[in-house]
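Engineer: build me a structure from this.
(one chain, ligands or ions: 1)
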Amino acid sequence: MSKKDSILIIGAGLCGSLLALRMAQRGYNVTLVEKRPDLRKVEQDAGRSINLSLSDRGLRGLRLAGVEAEAKEQCIPMHGRMIHDKEGNTFLSKYSGRENEFINSISRPGLNMMLLDAAEKMPNVSLVFDHGCEDIDLENASASFKNYKTGALVTFKGDILLGTDGAGSVVRRGMFNNRNFLFSFSQDWLTHGYKELTIPPADNGGYKTYKNALHIWPRGEDMLIALPNMDGSFTVTLFLPYADSDYCFENLITPEKVQEYFQKEFPDALALMPNLTEVFFENPTGPLGTIKCSPWNSFGKSLVLGDAAHAIVPFYGQGMNASFEDVVVFDEVLEKFEDKLLTGEVDWKKIFQEYEKERKKDTDAIADLAVDNFHEMKEHTASELFQQKRKLETAFEAEFPDEYYSKYSMVTFNENISYEAMRRGRAQDKAILNLIDDGKLPEIMSLNEKLILVKRTTEEILDDNAVLGKLK
Ligand SMILES: Cc1cc2nc3c(=O)[nH]c(=O)nc-3n(C[C@H](O)[C@H](O)[C@H](O)COP(=O)(O)OP(=O)(O)OC[C@H]3O[C@@H](n4cnc5c(N)ncnc54)[C@H](O)[C@@H]3O)c2cc1C
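Structural biologist: So this is what the prediction gives:
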């Protein structure tokens, strides 16, 4: 076993390209194979920029590979949620009381291209595009691909194979279909789907609405959100049930019905989207689901990472961030065992198993938190109780920056706290909501007294949960 082992990575999306870069930096020979054309050579449709929110966990992964500063050049800070009610009133609910805590809007293709550029500069990375993986030999770390340009079937092989081929992973399917080991798999779909729309830039190239926020139009069942792009546009995403609702994807099938729905629910957003119906019918409707599986490795030769191992719903803006954090954790485990790997005292199986032991509980936790946040965003952000809670939390964070972290802060801005530890965040949310609702945090109480009570109640809830856990 030499340090120059070859790694075959399947899928050059966000996770695969960062992973390829990092593994090359560690001295491995990497072949990164992607089914789509090289997106740096394909003309990007300016009207359809897709963006993502990038936060501390993702930035940590980029920092590890030395590309954080370059990514930040493409970032637009978003300091809070701009909530839009049906009358068009807006208010900004800050993400944190600490000034330095905000999330960033970044272009998905822009970030992916930057990572591919950085990977390509490494002498030990070979990039292959237009090759779709069709079949996997998990035990031998090899896979066959269709060359979409010639139609030929090609085989690539590594000493190990890393599958970063996204939520519909062919590598994971290979694991599922293999009868030689027990592979658990679950896939939970929401009854909602999503559709990307756009608010074009203003005539002068500026922004038609406030730039530095994640805009939300919460409507109970449905929700519209918008994130800013560098060119003055916003990528808008509609989350709507597929069926069984007055307005749903199944019945929004004519321009008139789409206009009627937006006029009723999102009139201020409609006024910013002159091309709404055109884009609505042009763009596909996508499903939203959570995928969990285990084990992530097979035969000590193949491993899945990123969405291939743990696809989550997008409501915490953490899928890409978690996938980048996978690279950090994988790198840490490799660092710990690499000397022994080189001398043959441990094998890749051990590294893959240690990685999963370290990581799986956290990705399971963020998957569940993301579903929680779906309900919080579409239903609760508009409620008076929720707004009171956020106000109190930002006051705690501003006044006691080292003592209080909201659940959102722990998930989004504290890459040193594992996602798993954020179960505490749930208890804290419950405590604070109950206390406000029961009138136990009156104005006359000092902020410090309120904090002490919230902390004590949180501990009580955690204790209760622990006792219940023992009964299970
Ligand atoms: C609507 C929506 C909004 C989101 N918003 C956010 C957000 O704000 N913040 C955030 O952190 N996350 C967000 N996410 C999640 C994020 O998109 C994913 O978690 C992230 O893209 C995962 O990266 P990945 O590399 O694992 O998978 P992907 O980005 O899906 O990349 C997989 C790659 O593998 C390639 N591939 C697939 N099959 C094959 C094959 N057979 N052969 C070869 N190549 C193959 C694909 O072409 C692709 O390039 C969002 C997701 C959705 C759906």
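Engineer: from here on, just use CA atoms for contacts and neighbour counts.
Structural biologist: Fine.
Engineer: identify the residues contacting Phe91.
Structural biologist: Contact analysis of Phe91 by C-alpha atoms under 8 Å, 6 or more residues apart in numbering lists 82-84.
Engineer: ok, so of those residues, who is nearest the ligand?
Structural biologist: The ligand has its nearest neighbour among the contacts of Phe91 in Met82, at 15.6 Å by C-alpha to the nearest ligand atom.
Engineer: next, that closest one: secondary structure please.
Structural biologist: Counting by DSSP: H, G, I helix; E, B strand; the rest coil, the backbone at Met82 sits in strand.
Engineer: that one reaches Ser93, doesn't it?
Structural biologist: Yes: at 6.3 Å, Met82 and Ser93 qualify as touching, with contact defined as C-alpha atoms under 8 Å.
Engineer: more neighbours: these two, which one.
Structural biologist: Neighbour totals were compared for Met82 and Ser93, and Met82 leads with 23 against 18 (other C-alpha atoms under 10 Å).
Engineer: if I pick the more buried one, what's in contact with it?
Structural biologist: 90-93, 213-216.
Engineer: spatially nearest residue to Asn140, not counting backbone neighbours?
Structural biologist: Nearest non-adjacent residue to Asn140, counting by C-alpha to C-alpha, 6 or more residues apart in numbering: Lys301, 6.8 Å away.
Engineer: Asp159 is in contact with that neighbour, correct?
Structural biologist: Yes: between Lys301 and Asp159 a contact is recorded at 7.3 Å, counting by C-alpha under 8 Å.
Engineer: quick check: neighbours shared by those two?
Structural biologist: When C-alpha under 8 Å, 6+ apart defines a contact, the residues bordering Lys301 and Asp159 alike are 140-141.
Engineer: at the geometric centre of this structure, which residue sits there?
Structural biologist: Compute the mean C-alpha point of the chain, and by C-alpha atoms, centre = their mean the closest residue is Gly319, 1.9 Å away.
Engineer: any idea how far that residue is from Arg108?
Structural biologist: In this view, Gly319 and Arg108 are 12 Å apart by C-alpha to C-alpha, to the nearest Å.
Engineer: again, but for Met223
Structural biologist: 22 Å.
Engineer: repeat for Val258
Structural biologist: For Val258, the distance to Arg108 - C-alpha to C-alpha - is 27 Å.
Engineer: residues from the stretch 151-300 of the chain in reach of the ligand?
Structural biologist: The stretch 151-300 of the chain comes close to the ligand at residues 164-166, 169-170, as judged by C-alpha under 6 Å from any ligand atom.
Engineer: circling back: residues in contact with the residue nearest to the centre of the chain?
Structural biologist: Taking C-alpha under 8 Å, 6+ apart as the test, what Gly319 contacts is 306-307, 311-313.
Engineer: let's go with 6 Å and repeat that
Structural biologist: Gly319 makes contact with no residue under the criterion C-alpha atoms under 6 Å, 6 or more residues apart in numbering.
Engineer: okay if I get the contacts of Met82 as JSON lines plus distance to Ala119, secondary structure and pLDDT?
Structural biologist: Shown next, in JSON lines, are the contacts of Met82 (distance: C-alpha to C-alpha, whole Å; DSSP: H, G, I helix; E, B strand; the rest coil; pLDDT from 0 to 100):
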{"residue": "Thr90", "distance to Ala119": "43", "secondary structure": "strand", "pLDDT": "96"}
{"residue": "Phe91", "distance to Ala119": "42", "secondary structure": "strand", "pLDDT": "92"}
{"residue": "Leu92", "distance to Ala119": "39", "secondary structure": "strand", "pLDDT": "94"}
{"residue": "Ser93", "distance to Ala119": "38", "secondary structure": "strand", "pLDDT": "91"}
{"residue": "Ala213", "distance to Ala119": "32", "secondary structure": "coil", "pLDDT": "98"}
{"residue": "Leu214", "distance to Ala119": "31", "secondary structure": "strand", "pLDDT": "97"}
{"residue": "His215", "distance to Ala119": "34", "secondary structure": "strand", "pLDDT": "97"}
{"residue": "Ile216", "distance to Ala119": "36", "secondary structure": "strand", "pLDDT": "95"}
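Engineer: and the residues you listed, which of them are buried?
Structural biologist: 93, 213-216 (16 or more other C-alpha atoms under 10 Å).
Engineer: any idea which of those residues is closest to the ligand?
Structural biologist: Leu214 (10.0 Å).
Engineer: neighbour-wise, which of the residues of the stretch 151-300 of the chain next to the ligand leads?
Structural biologist: Of those, with other C-alpha under 10 Å as the count, Thr164 tops at 31 neighbours.
Engineer: isn't that residue up against Gly11?
Structural biologist: Yes: using C-alpha atoms under 6 Å, Thr164 is in contact with Gly11, at 5.0 Å.
Engineer: what residue ranges in this protein score low on pLDDT?
Structural biologist: 1-3, 44-49, 420, 468-472 (pLDDT under 70).
Engineer: rerun that using 50 as the cut-off
Structural biologist: The model of the chain has pLDDT under 50 over residues 1.
Engineer: longest strand of it, counting residues only.
Structural biologist: strand 184-199 (DSSP state E).
Engineer: so which bits of that one are buried?
Structural biologist: Taking 16+ other C-alpha under 10 Å as the criterion, strand 184-199 shows 192-199 as buried.
Engineer: need those in CSV (columns: distance to Leu342).
Structural biologist: Shown next, in CSV, are the buried residues of strand 184-199 (distance: C-alpha to C-alpha, whole Å):
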residue, distance to Leu342
His192, 48
Gly193, 47
Tyr194, 47
Lys195, 48
Glu196, 47
Leu197, 50
Thr198, 51
Ile199, 53
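Engineer: separation between Tyr194 and Phe374?
Structural biologist: Relative to Phe374, Tyr194 is positioned 12 Å away (C-alpha to C-alpha).
Engineer: typo on my end, it should be Met223
Structural biologist: As judged by C-alpha to C-alpha, Met223 and Phe374 stand 9 Å apart.
Engineer: distance-wise, check Trp450 relative to Leu441.
Structural biologist: Careful, residue 450 is Lys; it's not Trp. For Lys450, the distance to Leu441 - C-alpha to C-alpha - is 6 Å.
Engineer: tell me the contacts of the residue nearest to Leu272 when sequence neighbours are not counted?
Structural biologist: Excluding its sequence neighbours, the residue lying closest to Leu272 (C-alpha to C-alpha, 6+ apart) is Ile199, at 5.9 Å. Taking C-alpha under 6 Å, 6+ apart, we find Ile199 in contact with 233-234, 272-273.
Engineer: where's the helix ranked longest in the chain relative to the chain centroid, distance-wise?
Structural biologist: Using DSSP state H, we find that the single longest helix of the chain is helix 348-375. Centroid separation between helix 348-375 and its chain, computed with C-alpha atoms, centre = their mean, to the nearest Å, is 13 Å.
Engineer: would you mark the buried spots in whichever helix or strand comes after that helix?
Structural biologist: Tracing the chain past helix 348-375, the next element assigned as helix or strand by DSSP states H and E is helix 384-399. With burial defined by 16+ other C-alpha under 10 Å, the residues of helix 384-399 counted as buried are 385-386, 389-397.
Engineer: what is the nearest of the residues you listed to the ligand?
Structural biologist: Nearest member of these to the ligand, counting by C-alpha to the nearest ligand atom, is Arg390, at 20.8 Å.
Engineer: that's all I had, so thanks and see you.
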